[in-house]
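A.B. asks: pasting the sequence and the predicted model now:
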Amino acid sequence: MDCLAETTKLIVGLGNPGRRYAKTRHNVGWMVLAEARRRWGLADEGRKAFGGEVYDARRAAPDGASRRVMLFEPHMYMNRSGEAVAGLAAFYKADCRNLLIVMDDMDLPVGALRVRARGSAGGHKGLDDVLRLLGTQDVPRLRLGIGSPPPPMDAIDFVLGAFDDAELASIAPAVTRAADAVDDWIAWGIQAVMDKYNRKVEPD
């Protein structure tokens, strides 16, 4: 699709729907959105649309203007996230640079953050589907580390498993930092967020 210029900011948390997956490693994107909703005073339930759940918010820009921000949880399962995200982006005529994908990453230590303005999916099937259906790699993304599966555990079993107590000690503050990064992205853009969050020493 062609991404057209617009000021609306879209933040997409990747995950899987249903109570079974709510606290799993693959759903940290949704955890970050839940923290954003909490601090912004939004309802726990959004509007059902585009194959997911949409939360409409207004956030103040640095110049004092009010900026529209949409939080979105695709409910079409991780590997089919692209259809939902592409539908949302097309409806709001969103420039892909005004779309931020929040997701898990097995290649990062538990609790580590990494922000990128563009690039490949790096093996993440949810992001891969999003990039494929948007037709571009120029999509900002915020990755939150979940660590690697211990051998001989299968990667799928790992990402669909819950965090253990030790991991939760790192994930909870990382979710808070990731929500801070979302706020900064809305206010200042991707370069400022990369400069601020990628240079920090990350926990193991």
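C.D. replies: Yep, it's here.
A.B. asks: wait, what's in contact with Leu88?
C.D. replies: Residues near Leu88 by Cβ atoms under 8 Å, 6 or more residues apart in numbering: 10, 12, 49-50, 52, 54, 70, 72, 94. Every C-beta, even on glycine, is put in place using the N, C-alpha and C of the backbone.
A.B. asks: return the subset of those lying in strands.
C.D. replies: 10, 12, 49, 52, 54, 70, 72 (DSSP state E).
A.B. asks: Val159: how many residues sit nearby?
C.D. replies: 21 (other Cβ atoms under 10 Å).
A.B. asks: which among the ones in strands among the contacts of Leu88 gets closest to Gly111?
C.D. replies: Closest approach to Gly111 among the ones in strands among the contacts of Leu88 (Cβ to Cβ): Val12, at 21.1 Å.
A.B. asks: run a quick neighbour tally on the closest one.
C.D. replies: Counted with other Cβ under 10 Å, the neighbours of Val12 add up to 28.
A.B. asks: and what of the one 5 residues further on?
C.D. replies: Per other Cβ under 10 Å, the neighbour tally for Pro17 reads 18.
A.B. asks: kindly report the same for the one 4 residues further on.
C.D. replies: Here the count is done by other Cβ under 10 Å, and Tyr21 has 18 residues near it.
A.B. asks: how much space between it and Met78?
C.D. replies: Per Cβ to Cβ, to the nearest Å, Tyr21 is found 9 Å from Met78.
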